[in-house]
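Participant: next come a sequence and a model predicted from it.
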Amino acid sequence: MSLKQTIDIFELLDDSAVSGQKVKAFLEAHGASDVTVSTVQGEKGSTDFIKIVVPGSKGKSRGGDAPTLGIIGRLGGIGARPERIGLVSDGDGAIAALASALKLIEMQTKGDVLPGDVIITTHICPHAPTRPHHPVAFMDSPVDILTMNRHEVTDEMDAVLSIDTTKGNRVFNHRGIAISPTVKEGYILKFSDDLVNLLEMSTGRPARTFAISMQDITPYGNGVYHINSILQPAVATKAPVVGIAITAETAVPGCATGASHEVDIALAVKFAVEVAKAFGAGQCQFYDADEVARLQQLYGSMAHLQTLGNKS
(Lines give C-alpha, C1' and ligand atoms only; values in the text may rest on other atoms or scores of the structure.)
Protein backbone atom coordinates (compact mmCIF):
# COMPACT_ATOMS: atom_id res chain seq x y z
CA MET A 1 0.00 0.00 0.00
CA SER A 2 1.15 3.54 -0.69
CA LEU A 3 -1.81 5.71 0.31
CA LYS A 4 -0.35 6.63 3.72
CA GLN A 5 2.92 7.80 2.17
CA THR A 6 0.99 9.78 -0.43
CA ILE A 7 -1.07 11.55 2.23
CA ASP A 8 2.02 12.23 4.36
CA ILE A 9 3.81 13.87 1.43
CA PHE A 10 0.66 15.74 0.37
CA GLU A 11 0.36 17.33 3.81
CA LEU A 12 4.08 18.11 3.88
CA LEU A 13 3.96 19.94 0.54
CA ASP A 14 0.66 21.74 1.14
CA ASP A 15 2.48 24.57 2.90
CA SER A 16 3.26 28.05 1.63
CA ALA A 17 6.66 27.88 3.34
CA VAL A 18 7.67 24.38 2.29
CA SER A 19 11.21 24.06 0.91
CA GLY A 20 13.62 21.45 -0.32
CA GLN A 21 15.38 21.51 3.04
CA LYS A 22 12.12 20.79 4.87
CA VAL A 23 11.44 17.84 2.59
CA LYS A 24 15.02 16.60 3.09
CA ALA A 25 14.65 16.76 6.88
CA PHE A 26 11.35 14.88 6.69
CA LEU A 27 12.81 12.08 4.56
CA GLU A 28 15.93 11.80 6.73
CA ALA A 29 13.73 11.50 9.82
CA HIS A 30 12.15 8.49 8.11
CA GLY A 31 15.49 6.82 7.32
CA ALA A 32 16.81 8.44 4.12
CA SER A 33 20.60 8.52 3.95
CA ASP A 34 21.34 10.22 0.63
CA VAL A 35 19.30 13.36 -0.05
CA THR A 36 20.67 16.47 -1.76
CA VAL A 37 18.96 19.81 -2.33
CA SER A 38 20.02 22.65 -4.61
CA THR A 39 18.28 26.00 -4.96
CA VAL A 40 18.20 27.40 -8.49
CA GLN A 41 17.23 30.96 -9.35
CA GLY A 42 15.40 31.57 -12.62
CA GLU A 43 13.89 34.55 -14.39
CA LYS A 44 10.54 34.02 -12.65
CA GLY A 45 11.69 33.06 -9.16
CA SER A 46 13.50 30.14 -7.57
CA THR A 47 12.90 26.47 -6.90
CA ASP A 48 14.56 23.73 -4.87
CA PHE A 49 15.66 20.64 -6.77
CA ILE A 50 15.81 17.51 -4.65
CA LYS A 51 17.49 14.19 -5.37
CA ILE A 52 17.05 11.06 -3.28
CA VAL A 53 19.15 7.95 -3.82
CA VAL A 54 17.75 4.72 -2.36
CA PRO A 55 20.66 2.26 -2.59
CA GLY A 56 20.04 -1.32 -3.68
CA SER A 57 21.67 -4.43 -2.30
CA LYS A 58 23.37 -4.99 -5.66
CA GLY A 59 23.18 -1.39 -6.84
CA LYS A 60 25.92 0.57 -8.54
CA SER A 61 26.26 2.85 -5.52
CA ARG A 62 27.51 -0.20 -3.61
CA GLY A 63 29.74 -1.54 -6.37
CA GLY A 64 27.13 -3.86 -7.86
CA ASP A 65 25.80 -4.14 -11.39
CA ALA A 66 22.02 -4.12 -10.92
CA PRO A 67 20.32 -1.54 -13.16
CA THR A 68 19.28 1.82 -11.75
CA LEU A 69 15.76 3.18 -12.11
CA GLY A 70 15.05 6.90 -12.20
CA ILE A 71 11.72 8.25 -10.97
CA ILE A 72 11.15 11.88 -11.93
CA GLY A 73 8.30 14.04 -10.67
CA ARG A 74 7.56 16.55 -13.45
CA LEU A 75 5.77 19.83 -12.76
CA GLY A 76 5.96 23.57 -13.03
CA GLY A 77 5.28 24.14 -9.36
CA ILE A 78 3.38 22.72 -6.39
CA GLY A 79 1.74 26.08 -5.74
CA ALA A 80 0.79 29.26 -7.62
CA ARG A 81 0.77 31.63 -4.66
CA PRO A 82 -0.35 34.36 -4.29
CA GLU A 83 -2.65 33.87 -7.31
CA ARG A 84 -3.95 30.54 -5.93
CA ILE A 85 -4.01 29.41 -2.31
CA GLY A 86 -3.05 25.81 -1.65
CA LEU A 87 -1.44 22.92 -3.45
CA VAL A 88 -2.23 22.86 -7.18
CA SER A 89 -3.07 19.94 -9.44
CA ASP A 90 0.30 20.34 -11.16
CA GLY A 91 1.98 19.25 -7.93
CA ASP A 92 0.80 15.64 -8.30
CA GLY A 93 4.03 14.61 -10.03
CA ALA A 94 6.15 15.86 -7.14
CA ILE A 95 3.85 14.21 -4.59
CA ALA A 96 4.03 10.88 -6.43
CA ALA A 97 7.81 10.94 -6.81
CA LEU A 98 8.45 11.89 -3.19
CA ALA A 99 5.87 9.40 -1.91
CA SER A 100 7.66 6.72 -3.95
CA ALA A 101 10.90 7.70 -2.25
CA LEU A 102 9.25 7.62 1.18
CA LYS A 103 7.77 4.18 0.51
CA LEU A 104 11.11 2.76 -0.66
CA ILE A 105 12.93 4.28 2.31
CA GLU A 106 10.42 2.84 4.79
CA MET A 107 10.67 -0.55 3.08
CA GLN A 108 14.41 -0.52 3.64
CA THR A 109 14.04 0.26 7.34
CA LYS A 110 11.86 -2.87 7.55
CA GLY A 111 14.41 -5.05 5.80
CA ASP A 112 13.02 -4.99 2.25
CA VAL A 113 15.97 -3.80 0.17
CA LEU A 114 15.60 -3.72 -3.60
CA PRO A 115 18.40 -5.15 -5.78
CA GLY A 116 19.02 -1.98 -7.79
CA ASP A 117 19.47 1.65 -6.87
CA VAL A 118 16.52 3.98 -7.32
CA ILE A 119 17.12 7.70 -7.93
CA ILE A 120 14.15 9.99 -7.32
CA THR A 121 14.22 13.63 -8.44
CA THR A 122 11.78 16.52 -8.55
CA HIS A 123 11.61 20.16 -7.50
CA ILE A 124 9.80 22.11 -4.80
CA CYS A 125 8.28 25.48 -5.72
CA PRO A 126 5.24 26.72 -3.76
CA HIS A 127 5.21 30.09 -5.58
CA ALA A 128 5.31 29.24 -9.30
CA PRO A 129 3.81 31.41 -12.06
CA THR A 130 1.08 30.34 -14.51
CA ARG A 131 0.75 30.76 -18.28
CA PRO A 132 -2.07 30.56 -20.84
CA HIS A 133 -2.70 27.23 -22.57
CA HIS A 134 -5.65 25.71 -24.46
CA PRO A 135 -8.01 24.29 -23.26
CA VAL A 136 -6.96 25.18 -19.69
CA ALA A 137 -4.20 27.23 -18.10
CA PHE A 138 -0.83 25.58 -17.49
CA MET A 139 1.46 26.05 -14.56
CA ASP A 140 4.69 27.75 -15.51
CA SER A 141 8.01 27.35 -13.72
CA PRO A 142 10.69 29.68 -12.36
CA VAL A 143 13.29 27.78 -14.44
CA ASP A 144 13.34 26.50 -18.01
CA ILE A 145 13.01 22.88 -19.07
CA LEU A 146 16.72 22.51 -19.84
CA THR A 147 17.53 23.48 -16.26
CA MET A 148 14.98 20.96 -15.00
CA ASN A 149 16.49 18.19 -17.08
CA ARG A 150 19.99 19.10 -15.97
CA HIS A 151 18.99 18.64 -12.31
CA GLU A 152 16.48 15.81 -12.64
CA VAL A 153 17.96 13.48 -15.28
CA THR A 154 21.22 11.78 -14.32
CA ASP A 155 23.66 9.58 -16.22
CA GLU A 156 23.21 6.85 -13.60
CA MET A 157 19.58 6.24 -14.62
CA ASP A 158 19.32 3.16 -16.85
CA ALA A 159 15.59 3.74 -17.35
CA VAL A 160 13.24 6.54 -16.35
CA LEU A 161 9.66 6.79 -15.16
CA SER A 162 8.41 10.36 -15.60
CA ILE A 163 5.32 11.12 -13.51
CA ASP A 164 3.25 14.15 -14.46
CA THR A 165 -0.26 15.45 -13.97
CA THR A 166 -1.87 15.15 -17.40
CA LYS A 167 -5.32 16.61 -16.89
CA GLY A 168 -5.23 19.82 -18.94
CA ASN A 169 -6.64 18.24 -22.09
CA ARG A 170 -9.72 16.56 -23.56
CA VAL A 171 -7.85 13.50 -24.81
CA PHE A 172 -7.49 11.38 -21.66
CA ASN A 173 -11.01 11.21 -20.24
CA HIS A 174 -10.69 8.82 -17.33
CA ARG A 175 -9.52 9.12 -13.75
CA GLY A 176 -6.48 7.24 -12.57
CA ILE A 177 -3.13 6.64 -14.25
CA ALA A 178 -1.97 5.70 -17.73
CA ILE A 179 1.42 4.94 -19.24
CA SER A 180 3.02 6.07 -22.49
CA PRO A 181 4.93 4.04 -25.04
CA THR A 182 8.64 3.84 -24.40
CA VAL A 183 10.67 6.72 -25.85
CA LYS A 184 14.37 6.24 -26.56
CA GLU A 185 16.70 8.59 -28.42
CA GLY A 186 13.99 10.03 -30.65
CA TYR A 187 12.15 6.78 -31.32
CA ILE A 188 8.63 6.18 -30.02
CA LEU A 189 8.65 2.42 -29.39
CA LYS A 190 5.94 -0.12 -28.62
CA PHE A 191 4.43 -0.32 -25.16
CA SER A 192 6.51 -2.49 -22.85
CA ASP A 193 4.71 -5.77 -22.16
CA ASP A 194 6.43 -5.97 -18.78
CA LEU A 195 5.19 -2.51 -17.77
CA VAL A 196 1.67 -3.28 -19.01
CA ASN A 197 1.63 -6.43 -16.87
CA LEU A 198 2.83 -4.55 -13.79
CA LEU A 199 0.30 -1.78 -14.42
CA GLU A 200 -2.57 -4.25 -14.59
CA MET A 201 -1.44 -6.09 -11.47
CA SER A 202 -0.88 -2.96 -9.39
CA THR A 203 -4.13 -1.24 -10.38
CA GLY A 204 -6.32 -4.33 -10.71
CA ARG A 205 -7.69 -2.96 -14.00
CA PRO A 206 -7.00 -3.40 -17.71
CA ALA A 207 -4.00 -1.30 -18.64
CA ARG A 208 -4.76 2.29 -19.53
CA THR A 209 -2.28 3.83 -21.93
CA PHE A 210 -2.01 7.15 -23.74
CA ALA A 211 -0.84 8.17 -27.17
CA ILE A 212 1.94 10.66 -27.77
CA SER A 213 2.98 12.57 -30.87
CA MET A 214 6.34 13.41 -32.37
CA GLN A 215 5.91 16.92 -30.98
CA ASP A 216 5.73 15.58 -27.43
CA ILE A 217 9.19 14.01 -27.55
CA THR A 218 10.91 17.14 -28.86
CA PRO A 219 12.31 19.79 -26.50
CA TYR A 220 10.23 22.65 -25.20
CA GLY A 221 11.09 25.94 -26.86
CA ASN A 222 10.86 24.80 -30.49
CA GLY A 223 7.50 26.44 -31.10
CA VAL A 224 5.41 23.28 -31.54
CA TYR A 225 2.58 21.91 -29.41
CA HIS A 226 3.30 19.59 -26.46
CA ILE A 227 0.61 17.81 -24.44
CA ASN A 228 2.74 18.72 -21.38
CA SER A 229 6.25 18.09 -20.06
CA ILE A 230 5.80 14.40 -19.28
CA LEU A 231 8.25 13.20 -21.97
CA GLN A 232 10.76 16.04 -21.64
CA PRO A 233 13.25 13.84 -19.74
CA ALA A 234 13.56 11.82 -22.97
CA VAL A 235 15.38 14.70 -24.69
CA ALA A 236 18.16 14.59 -22.10
CA THR A 237 19.12 10.91 -21.92
CA LYS A 238 19.92 7.83 -23.96
CA ALA A 239 17.98 5.75 -21.44
CA PRO A 240 14.42 4.62 -22.22
CA VAL A 241 11.72 6.87 -20.76
CA VAL A 242 8.09 6.02 -19.99
CA GLY A 243 5.55 8.57 -18.83
CA ILE A 244 3.09 7.89 -16.02
CA ALA A 245 0.18 10.27 -16.52
CA ILE A 246 -2.15 11.08 -13.63
CA THR A 247 -5.43 11.71 -15.42
CA ALA A 248 -8.97 13.01 -14.93
CA GLU A 249 -12.34 12.67 -16.68
CA THR A 250 -12.54 16.40 -17.39
CA ALA A 251 -10.03 19.06 -18.42
CA VAL A 252 -8.47 20.37 -15.18
CA PRO A 253 -6.10 23.36 -15.12
CA GLY A 254 -2.67 22.67 -13.70
CA CYS A 255 -3.16 25.71 -11.47
CA ALA A 256 -6.45 24.39 -10.02
CA THR A 257 -6.50 23.77 -6.27
CA GLY A 258 -8.57 21.06 -4.63
CA ALA A 259 -8.13 19.00 -7.80
CA SER A 260 -5.62 16.39 -6.62
CA HIS A 261 -6.92 12.90 -5.86
CA GLU A 262 -4.87 11.03 -3.28
CA VAL A 263 -6.00 7.58 -4.43
CA ASP A 264 -4.96 8.26 -8.03
CA ILE A 265 -1.56 9.58 -6.95
CA ALA A 266 -1.13 6.51 -4.73
CA LEU A 267 -1.75 4.30 -7.77
CA ALA A 268 1.16 5.99 -9.54
CA VAL A 269 3.31 5.43 -6.46
CA LYS A 270 2.38 1.77 -6.17
CA PHE A 271 3.11 1.17 -9.85
CA ALA A 272 6.46 3.00 -9.68
CA VAL A 273 7.53 0.93 -6.65
CA GLU A 274 6.58 -2.32 -8.38
CA VAL A 275 8.57 -1.29 -11.46
CA ALA A 276 11.54 -0.46 -9.22
CA LYS A 277 11.41 -3.94 -7.68
CA ALA A 278 11.26 -5.71 -11.04
CA PHE A 279 13.67 -3.48 -12.97
CA GLY A 280 16.45 -3.73 -10.42
CA ALA A 281 16.06 -7.51 -10.40
CA GLY A 282 16.34 -7.71 -14.19
CA GLN A 283 12.71 -8.83 -14.51
CA CYS A 284 11.33 -5.81 -16.40
CA GLN A 285 12.44 -4.47 -19.76
CA PHE A 286 11.39 -1.06 -21.05
CA TYR A 287 12.16 -1.98 -24.68
CA ASP A 288 13.44 -4.71 -26.98
CA ALA A 289 17.12 -3.96 -27.56
CA ASP A 290 17.33 -6.11 -30.70
CA GLU A 291 14.37 -4.34 -32.27
CA VAL A 292 15.83 -0.91 -31.52
CA ALA A 293 19.13 -1.97 -33.08
CA ARG A 294 17.18 -3.11 -36.16
CA LEU A 295 15.31 0.20 -36.38
CA GLN A 296 18.56 2.14 -36.18
CA GLN A 297 20.12 -0.10 -38.82
CA LEU A 298 17.18 0.44 -41.16
CA TYR A 299 16.41 4.11 -40.53
CA GLY A 300 19.39 5.58 -38.73
CA SER A 301 19.52 7.73 -35.62
CA MET A 302 16.55 9.81 -34.53
CA ALA A 303 18.57 11.62 -31.88
CA HIS A 304 18.10 14.90 -33.75
CA LEU A 305 14.56 14.91 -32.30
CA GLN A 306 16.18 15.38 -28.91
CA THR A 307 17.50 18.76 -30.06
CA LEU A 308 15.90 22.07 -31.01
CA GLY A 309 16.58 21.19 -34.65
CA ASN A 310 17.30 23.55 -37.48
CA LYS A 311 15.59 26.69 -36.18
CA SER A 312 16.65 28.66 -39.23
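Facilitator: On my side now, so go ahead.
Participant: how much space separates the nearest residue in space to S61 that is not next to it in sequence from G31?
Facilitator: Distances taken as C-beta to C-beta, 6 or more residues apart in numbering place P55 nearest to S61, at 4.6 Å, with adjacent residues excluded. The C-beta positions use only the backbone N, C-alpha and C, and glycine is treated the same way. Relative to G31, P55 is positioned 12 Å away (C-beta to C-beta, to the nearest Å).
Participant: the more surrounded of these two?
Facilitator: P55 (20 against 15; other C-beta atoms under 10 Å).
Participant: residue contacts, the more buried one?
Facilitator: Applying C-beta atoms under 8 Å, 6 or more residues apart in numbering to P55 gives the contacts S33, D34, S61, R62, D117.
Participant: go again using 6 Å as the cut-off
Facilitator: For P55, the contact set (C-beta atoms under 6 Å, 6 or more residues apart in numbering) comprises S61, R62, D117.
Participant: make a ChimeraX selection of the buried ones in those.
Facilitator: Here is the ChimeraX command that selects the buried residues among those (16 or more other C-beta atoms under 10 Å):
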select :117
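Participant: so G86 is in contact with A259, correct?
Facilitator: No: with contact defined as C-beta atoms under 6 Å, G86 does not reach A259; the gap is 9.9 Å.
Participant: if we can go back for a sec, from R62, how far out is the residue nearest to S61?
Facilitator: From P55 over to R62 the distance is 6 Å, taken as C-beta to C-beta.
Participant: try S89
Facilitator: On the measure of C-beta to C-beta, S89 and R62 end up 38 Å apart.
Participant: also T182?
Facilitator: According to C-beta to C-beta, T182 and R62 sit 28 Å apart.
Participant: then A266?
Facilitator: 29 Å.
Participant: again with T6
Facilitator: 29 Å.
Participant: do T130 as well
Facilitator: Taking C-beta to C-beta, one finds T130 at 43 Å from R62.
Participant: strands along the stretch 201-312 of the chain, start to end?
Facilitator: Taking DSSP state E, counting those that start in this stretch, the strands of the stretch 201-312 of the chain run over residues 241-247.
Participant: how about the helices in it?
Facilitator: 262-280, 289-299 (DSSP state H, counting those that start in this stretch).
Participant: contacting residues around the closest residue to L161 other than its chain neighbours?
Facilitator: In space, and not counting its chain neighbours, L161 is closest to I71: 5.1 Å by C-beta to C-beta, 6+ apart. By C-beta under 6 Å, 6+ apart, the contact list for I71 reads A97, S100, I120, L161, A272.
Participant: same check, this time on I72
Facilitator: Each residue near I72 by C-beta under 6 Å, 6+ apart is listed here: T121, E152, S162, P233.
Participant: my read is the first one is in a strand, agree?
Facilitator: Which is T121. Yes: assessed by DSSP: H, G, I helix; E, B strand; the rest coil, T121 belongs to a strand.
Participant: give me the phi and psi for the residue nearest to it when sequence neighbours are not counted.
Facilitator: If the residues on either side of it in the chain are set aside, T121 comes closest to E152, at 4.1 Å by C-beta to C-beta, 6+ apart. Main-chain dihedrals, E152, degrees, to the nearest 10: phi -110, psi -20.
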